[in-house]
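> okay, structure incoming, though there's no sequence with it:
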């Protein structure tokens, strides 16, 4: 062990006194915090810090920086790129925000609420709903992810089409820098042009510039009525044409348009209990479409029926069903969720979370399928995603029956083929999952020297010792 | 003259060759570019550079940086805080983007368009409308301001309630740094989480970090139907209660709620030709309210009539009128525009562009009026603004008949009283006009040491010689 390593294994004095026995975990207690959601990263932390207040976060960061100790900010550990877990074993401390989980205030009239970073997203949604308000951010991990993580990764999800990404839902932010400086930007304002908008720097930068400890969130009027439909399409261009027509003809009411492939739905029905495909027959593509309004009696059911009729007349939709109550609506959404669960454990699963301009989506997916099939002809391709955002989850795996096909040795080749194609369309190799430790090589490959150099400069300006979430993003 | 000054009065070699005779103005031709919209700043530039391409901008900036010459990026010169004009005479060159005024492309299916920074905002709106799309950014200066200026100041305006500020309308950006580096971030994506979102740094930072040369803008479905109403209120709390009811009961259709005081409307009717107050009688407060939809037959007229009926029944609204055609609608909006024109030349006009949480707006305005009246009892207060954004234009002046009242010697006292009160409400001393050269002392007074220090670090990281728009913001 070098003297540097020896030094790092010693935690800074004062940490235990600062955080108390519940606030500082080591050894076996700390171990599980080093493991990420998909089990792809598993690095033991030196310790886990669990502060209860912003002041404790600030003092803990100050102590760690003095000590030259690297700190990994951690939310609900539901990330998919390893951003919230150590990138090396036994070298880093995790700063877990879970105990900072209070709603600080909710102001109905200002359509805003302030929360600690460690609040679970579902709890935030519920607090808003209890005040007859909507916090629209919604995605699969909402039951365990923390809002601070949503902010640090600029999470997307299923309501982006209508309400934007997390960035669009942030009015104010509280951030602690590496040296323990607290940036209190907890303003609840719709307009504020007073110099560089610093909070933007910390949204989506995955904890490499500062630790988000609190936020003021933008709320909307609660949804009073919503209707949902599942449509079946003969082709991918028909999906895209239908989306364009749906957007134009639903009078600003469209709130989701989730595309799903036939093989994904079949897997969901076969492998996840209680999932039933409500559309008879097999069609290559499906979409789950939702319209919503903040007042009842908005005629949404008739709107959807009229839309489907038109799409069928134009030959764009082959079959479809409209939910006629909340139970049916939940069942349709269950298919979309189960689609993900159903293939999360498939052999050699490669997740690609990419985006292209919406106008290029059908072209992109068709070409990408060809390219992947040329490399791994026996692979299973499950392309689903958020059509309204140009966001495809282009997942590739092997069937459980043939776990060791061509993909086994061609992970990298396949991924670069997909990303290179994304780049041709001026798309993004990470639409909503971020970079973390897993996509750093893609960042270096697809972002210009100029962009990378500015990112490095910002990192150096705010964290000159490079102690915040090292080995992530840049 | 010191040698440094001598050096600076000499323009870098190669500039004229680079930009051509139309691209480089000096002497009298350059003079007017140094004067701002309100005539509050008037500093002769050394020269005006008028590049036609991004490459010319990059090379011009490189040459100026080599030469140690300060550069002021300039749009349509409609700013209200002096951000786009030199802060010292005969020391700086202006980089005018006016000749870069092309729409690069428009993609209807992706609801996006790419433009040069020098495009006039009204031309951008029109290009979108020609493709049956809406670019929602709209404000008084739209006929002459440039989109690059809107972006650099994160402009707000009258549609923020529904569509957000300029920041919310930007998908991609092209920026040139002080050293001539081009950051090509012209991606047309709804989701892109690939590292630090660099474009956010340049939106609203008033050209101190880089020069915006192009942008990808977010479009919306065109508005097919809109209805407008002018309402008269007995009190400020009644305005705010009515806004809350309007937002809840118009089923996500509310697109503007502009508050106006009685004295402002009287001035507009008396001083601006063709402006007629359509509501009989005098009431202390008015509001212009608009609802809109992307489909015809949305029942907006009935929606507004129903709303007004309810507000009158509850005693919140005293009188009102709904526009029944486009002509009447234009007339109502003309009142809102004329309100600004009518007092722009009043003696000792102090413009305060402030914001507070919407829930505090009535309290704030009432308290601010008291405070100002205590200092300048004979001043005229014209408080108008965007209720949905918590944004008040709290303007104060003297009547033309009594041009030399108490305000003449108490500008600063009044302004600090207003801003101090804003700060008590955790509001913003500059909601949409920015900081420029005129509000730097307010920035230093109301933003924390920690925030200011980070702004300085970012400035140093991206423009180490401090040559881009010196004397602005920080």
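Structure received. Everything numeric in this text was worked out from a predicted model, so none of it was measured.
> contacts only, for the residue sitting nearest the centre point of chain A.
Nearest residue to the geometric centre of chain A (CA atoms, centre = their mean): residue A:155, 3.9 Å. Contacts for residue A:155 were tallied using CB atoms under 8 Å, 6 or more residues apart in numbering or on different chains; they are A:137, A:139, A:145, A:149, A:165, A:166, A:432. Where you see a C-beta, it was placed from the backbone N, CA and C, and this is true even at glycine.
> nearest to chain B, of the residues you listed?
Closest approach between the contacts of residue A:155 and chain B, by CB to the nearest CB: residue A:432, at 5.2 Å.
> neighbours around that closest one, how many?
Per other CB atoms under 10 Å in any protein chain shown, the neighbour tally for residue A:432 reads 28.
> how far away is the residue nearest to it when sequence neighbours are not counted from residue B:247?
In this structure, residue A:432 finds its nearest non-sequential neighbour in residue A:156, 3.5 Å apart by CB to CB, 6 or more residues apart in numbering or on different chains. Going from residue A:156 to residue B:247 by CB to CB, to the nearest Å gives 26 Å.
> tell me the helix or strand right after the helix-or-strand element of chain A with minimal mean pLDDT.
Within chain A, judged by mean pLDDT, DSSP states H and E, the helix or strand with the poorest mean is helix A:3-9; its value is a mean of 42. Note on helix A:3-9: by DSSP states H and E, the next helix or strand toward the C-terminus is helix A:15-19.
> run through the neighbouring helices and strands of the helix or strand following that following helix.
Using DSSP H and E, the helix or strand that follows helix A:15-19 in sequence is strand A:24-25. Counting contacts by 3 or more CB pairs under 8 Å, 6 or more residues apart in numbering or on different chains; DSSP states H and E, strand A:24-25 packs against strand A:47-49.
> quick one: buried residues of the strand it packs on?
Across strand A:47-49, burial judged by 16 or more other CB atoms under 10 Å in any protein chain shown covers A:47, A:48, A:49.
> same check on stretch A:341-357?
A:342-343, A:346-357.
> farthest-separated two in those?
A:347 and A:357 (32.8 Å; CB to CB).
> what ranges does the stretch 151-300 of chain A have for its helices?
Ranges of helices in the stretch 151-300 of chain A, per DSSP state H, counting those that start in this stretch, are A:160-163, A:199-202, A:236-249, A:262-271, A:300-313.
> for the residue nearest to the centre of chain A, grab phi and psi.
Here is the backbone geometry of residue A:155 (degrees, to the nearest 10): phi -60, psi 150.
> and it, how far from residue A:432?
Applying CB to CB, the value for residue A:155 to residue A:432 is 6 Å.
> domain-wise, how is chain A divided?
In terms of domains, chain A is parsed into A:3-99, A:103-221, A:225-343, A:353-446 (source: automatic domain parsing).
> most packed of those?
When the domains of chain A are scored by mean count of other CB atoms under 10 Å in any protein chain shown, the highest mean neighbour count falls to domain A:103-221 (a mean of 23).
> endpoints of that domain, how far apart?
The first and last residues of domain A:103-221 sit 19 Å apart, counting by CA to CA, to the nearest Å.
> quick check: residue A:189 vs chain B, distance?
5 Å (CB to the nearest CB, to the nearest Å).
> which residues pair with the residue lying closest to that residue once chain neighbours are set aside across the strands?
The shortest distance from residue A:189 to any non-neighbouring residue, by CB to CB, 6+ apart, is to residue B:355 (5.0 Å). Per DSSP bridges, the residues bridged to residue B:355 are residue B:391, residue B:428.
> can you name the residues that contact residue A:112?
Counting by CB under 8 Å, 6+ apart, residue A:112 touches A:106, A:171, A:188, A:216, A:217, A:218, A:219, B:357.
> the closest residue to the fifth one other than its chain neighbours in helix, strand or coil?
The reference is to residue A:217. Of all residues not flanking residue A:217 in the chain, residue A:113 sits nearest, at 5.3 Å (CB to CB, 6+ apart). Here residue A:113 is strand, with the state taken from DSSP: H, G, I helix; E, B strand; the rest coil.
> surely the residue nearest to residue A:432 and residue A:390 touch.
No - counting by CB atoms under 8 Å, residue A:156 stays clear of residue A:390, with 11.0 Å between them.
> measure residue A:233 to residue B:343 for me?
From residue A:233 to residue B:343 the distance is 58 Å (CB to CB).
> wait, I meant residue A:324
Distance, residue A:324 to residue B:343, using CB to CB: 57 Å.
> show me what residue A:259 is bridged to.
Applying DSSP bridges to residue A:259 gives these bridge partners: residue A:287, residue A:385.
> I figured it hits residue A:388, correct?
No - at 9.7 Å, residue A:259 does not count as touching residue A:388 under the criterion of CB under 8 Å.
> what would the domains of chain A look like in a markdown table with distance to residue B:286?
Conversion of the domains of chain A to a markdown table gives the following (distance: least, CB to CB, whole Å):
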| stretch | distance to residue B:286 |
| --- | --- |
| domain A:3-99 | 43 |
| domain A:103-221 | 21 |
| domain A:225-343 | 26 |
| domain A:353-446 | 38 |
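> among these, which comes closest to residue B:436?
Going by CB to CB, the one of those nearest residue B:436 is domain A:103-221, 10.1 Å.
> any stretches of the stretch 151-300 of chain A with poor pLDDT?
Scanning the stretch 151-300 of chain A for pLDDT under 70 picks out no residues.
> does chain B sit close to stretch A:174-181?
Yes - judged by CB under 8 Å from any CB of the partner chain, stretch A:174-181 and chain B are in contact via A:177, A:181.
> and that stretch, how far apart are its ends?
Per CA to CA, stretch A:174-181 runs 11 Å from first to last residue.
> give me the residues contacting it.
With CB under 8 Å, 6+ apart, stretch A:174-181 has contacts from A:54, A:57-59, A:61-62, A:65, A:71, A:117, A:182-186, A:198-199, A:202, A:209-215, A:462-463, A:465, A:467-468, B:450, B:453-454.
> once you drop chain neighbours, what's closest to residue A:271?
In space, and not counting its chain neighbours, residue A:271 is closest to residue A:342: 4.5 Å by CB to CB, 6+ apart.
> let me fix that, I meant to ask about residue A:161.
residue A:388 (3.2 Å).
> gap between the closest residue to residue A:37 other than its chain neighbours and chain B?
Computed as CB to CB, 6+ apart, the closest residue to residue A:37 that is not its neighbour in sequence is residue A:78, at 5.1 Å. Distance, residue A:78 to chain B, by CB to the nearest CB: 15 Å.
> who touches residue A:78 in this structure?
By CB under 8 Å, 6+ apart, the contact set of residue A:78 is A:37, A:141, A:144, A:145, A:149.
> gap between it and residue A:142?
As judged by CB to CB, residue A:78 and residue A:142 stand 9 Å apart.
> then residue A:170?
Distance check for residue A:170 against residue A:142: by CB to CB, it reads 17 Å.
> same thing with residue A:312?
34 Å.
> swap in residue A:24?
Distance, residue A:24 to residue A:142, using CB to CB: 29 Å.
> what's across from the nearest residue to residue A:25 once chain neighbours are set aside in the sheet?
Spatial nearest neighbour of residue A:25, chain neighbours left out: residue A:48 (4.2 Å); criterion: CB to CB, 6+ apart. Beta-bridge partners recorded for residue A:48 (DSSP bridges): residue A:25, residue A:94.
> that'll do, ta.
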